[in-house]
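Got a sequence here, can you model it:
(chains A and B)
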Amino acid sequence: MTTFKLRRLLLLLLVCFGLSAGLLAARPRPVLAADASSTTALQADDDFAEFDAEYVEVSDPLEGFNRVMFTFNDRLRRWVLEPTARVYRKVTPSMWRTGVANFFSNLMEPARILNCLFQGRFADAGDVSLRFLLNTTVGVVGIMDPASYDGMKTHDVRFASTLKNYGSGSGPYLVVPFFGPSDVRGVFGLVGDTLASPPFWVLRNNTGAAIAVEGGKAVNKTSFILGEYEELLSGTLDPYVAVRDAYHQHQQLQFEQ
Amino acid sequence: MVRFFRVPAIFLFFVVLSVLLLPLSGPAAEKNSGPQAQLEVSVNHFLDVLKDPELKKPGREEERRQKVIKLAFGQFDMPRMAMLSLGRGWKKLSPEERREFTGLFKELLTKSYISMIDNYSGEKVVFTREEVRGKKAEVRSKVISSNRETPIFYRLKLEPDGRWLIYDVIIENVSLVRNYRSQFAPLMRKEGYAGLRQQMLKKIAENKKLEDAKHE
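Numbers count the residues shown, from 1 in each chain, chains lettered A, B, ... in the order given. Below is the predicted model:
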C-alpha cells in the first residue's frame, strides 16, 4: 500500500514538473536583469581568444539517453502540444489566456518566497510576499496582476538556485521527459519547487486531475509562443546540441549574476 | 530551467533587432557616431520597413522579406561571424572554402530571419547601455512586446570606414556565435570541413522544402 502511494506521488511529481516547464517554450514571465559584464571578452585581442575564453565544450555523459528524451519531447511538442495550443488559441480570448498564465504564476509565488528566504534575500522575499498578497486578493486569486502595474516585479528565485547557493554542483546535463533540458540539480530543484506549490498539495491524491491541470497549463503557455520553437530550431544544424548549449550559456550567466 | 526555452522567442526578437540595424545606406554623417547611435538608426530604419503598410499587402511578402533581410544583413560582418562560429578550424580553410562557408552560414541565419519578419507584431526596441573598448563595443537593448521583455546584446567591431558592424548577437544571455560554434565544433572534429559542409547543405535544403510546402 505504501509503495503504491509512493509511486503515485512520484508519478505526480514527475508530471507536475514535467509538463509545467519543459514543454513550453518560453514563459511569459518577468525577465531577470541580465547584467554579467562582458568586459573581459571585449578586451581579448586575438579574434578567437574572445570566444575561446567563453567557450567550453560541455560534458554530457548521458548523451545517449538525453538524445532519446530530446526526440521524445520534440515530437510531443510538435505533434501534440503545438497543434492543441493552436486550436486553443483560436477558441479563447487573449484575456482568458493571460488570466490563466497569471493564475499559475501566482501559485508559484510561495515557492519563490521560500527560496528568497533560504538564500537570505529578505527584502526580495518581502517584495514577492506583497505581490502575492495583492494579486491573490485584489487580483482575484491571481487572475489579474495589479502588482505589476504598481511596478512590483517578482523575483524568480527557484529551489535550484538555492541548492547552488548552498554549494551544490549541477551534476550532468539531463533532458527530462516532458520537462526539457535540465541537470541533476535542476531535477531536485523542480521537486523542491513542486513541493512548495499549492496545486501539488491540492491535487496530490488525484493523478488524473494533476495531469489535466499540468497539461492545460502547458497548452496555455504554448499558446503565447506558437511556432517559435520550430522557427528557432530551423536555423540550427544539430538541434540537440544547440539546445544544450543554450541551456548552459543561460545557466552560466544566470548564476553569475 | 525553462528559461533557456525563452530563447526561441528571443531569437525572433534578436532577429528583429538585428534587422533593425540595417540601414547603412542611411546618411553618411552617421558613420562618425558611436556604435549605439549607429545601431539605433539602423534599427529604426528596419522597424519602419517592417511596419510599412504598403509592404504588408498580399503578394508582397517575398519582397518585404528580401528588403528587410538586406537591411539587417548589411549591419552584420558576416565573414567574421562565420569565422568566429567555426573557431580555429577556419585557419585551415582555403579562401574558396571560407567564402563558401560564409555563404552557407548566412543561409542558415536567413531562415531564422524570415520567421521573425513574418511574425513581427509591433515589438519595440529600447537601447539600454553602450560599452566601447577600443575597436570593439557591446550595445545592450531590450525588445519589448505586450507580455515580455527580451534582452538582446550586440557585439560590434569598428571598421576602418567608421562603421560599427555586428559580429555577435546575444539573446537572453545566449550568444549566437557560441551556439553555432558548439554545433560546428564536433562536426569539424569528426568529419572535417567536408562533413560540416554536407550537413549544412542538407539542413538548408530541408528548410527550403518546408518553406515551399508552406506556400503551396
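
residues contacting residue B:182?
A:55, A:57, A:58, A:241, A:242, A:244, A:245 (C-beta atoms under 8 Å, 6 or more residues apart in numbering or on different chains). C-beta: built from backbone N, CA, C; applies to glycine.

And it, how close does it get to residue A:232?
Distance, residue B:182 to residue A:232, by C-beta to C-beta, to the nearest Å: 15 Å.

Same question for residue A:117.
Residue A:117 is 36 Å from residue A:232, by C-beta to C-beta.

which one of the two has more residues nearby?
Taking neighbours as other C-beta atoms under 10 Å in any protein chain shown, residue A:117 and residue A:232 compare with residue A:232 leading, 27 against 17.

Going by secondary structure, residue B:153 is in what exactly?
Assigned by DSSP states H and E, residue B:153 belongs to strand B:149-158.

quick one on the thing from earlier: so how do I select the buried members of the contacts of residue B:182 in ChimeraX?
Typed into ChimeraX, the line below selects the buried ones among those, using 16 or more other C-beta atoms under 10 Å in any protein chain shown:
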select /A:55,241,242,244,245
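
okay if I get the contacts of residue B:182 as JSON lines plus secondary structure?
Listed next are the contacts of residue B:182 as JSON lines, based on DSSP: H, G, I helix; E, B strand; the rest coil:
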{"residue": "A:55", "secondary structure": "coil"}
{"residue": "A:57", "secondary structure": "coil"}
{"residue": "A:58", "secondary structure": "coil"}
{"residue": "A:241", "secondary structure": "helix"}
{"residue": "A:242", "secondary structure": "helix"}
{"residue": "A:244", "secondary structure": "helix"}
{"residue": "A:245", "secondary structure": "helix"}
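
With distance to chain B and pLDDT as added columns, please give the contacts of residue B:182 in TSV.
Below are the contacts of residue B:182 laid out as TSV (distance: C-beta to the nearest C-beta, whole Å; pLDDT from 0 to 100):
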residue	distance to chain B	pLDDT
A:55	6	59
A:57	7	70
A:58	8	77
A:241	5	95
A:242	6	94
A:244	7	95
A:245	4	93
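
For the spatially closest residue to residue A:241 that is not a sequence neighbour, what are phi and psi?
Spatial nearest neighbour of residue A:241, excluding adjacent residues (C-beta to C-beta, 6 or more residues apart in numbering or on different chains): residue B:183 at 4.9 Å. Main-chain dihedrals, residue B:183, degrees, to the nearest 10: phi -80, psi -40.

before we move on, back to that, does the strand holding residue B:153 reach chain A?
Yes. Using C-beta under 8 Å from any C-beta of the partner chain, we find that strand B:149-158 touches chain A at B:149, B:150, B:151, B:153, B:155.

that older thread, run through the residues that contact the residue nearest to residue A:241.
A:236, A:237, A:238, A:241, A:242, A:245.

how close does the residue lying closest to the third one once chain neighbours are set aside sit to residue A:240?
Okay, so that is residue A:238. Nearest non-adjacent residue to residue A:238, counting by C-beta to C-beta, 6+ apart: residue B:183, 4.8 Å away. According to C-beta to C-beta, residue B:183 stands 9 Å off from residue A:240.

rewinding a little: what's the offset of the strand holding residue B:153 from the middle of its chain?
10 Å (C-alpha atoms, centre = their mean, to the nearest Å).

now stretch B:131-145: mean pLDDT?
For stretch B:131-145, mean pLDDT rounds to 92.

do it and chain A meet at all?
Yes. Shown here: stretch B:131-145 in contact with chain A (C-beta under 8 Å from any C-beta) through B:131, B:133, B:136, B:137, B:138, B:142.

How about stretch B:88-104?
Yes. Using C-beta under 8 Å from any C-beta, stretch B:88-104 comes into contact with chain A via residue B:88.

got the buried residues for that stretch?
Neighbour count says stretch B:88-104 has B:89, B:90, B:98, B:100, B:101, B:102, B:104 buried, by 16+ other C-beta under 10 Å.

Make TSV from the residues you listed and add pLDDT to it.
Formatted as TSV, the buried residues of stretch B:88-104 follow (pLDDT from 0 to 100):
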residue	pLDDT
B:89	88
B:90	92
B:98	95
B:100	96
B:101	96
B:102	96
B:104	95
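
rewinding a little: of the contacts of residue B:182, closest to residue A:99?
residue A:242 (33.5 Å; C-beta to C-beta).

Help me confirm that that closest one comes into contact with residue B:179.
Yes. Assessed by C-beta atoms under 8 Å, residue A:242 is found in contact with residue B:179 at 5.8 Å.

Need the overlap of contacts for the two.
Common neighbours of residue A:242 and residue B:179 (C-beta under 8 Å, 6+ apart) are residue A:236.
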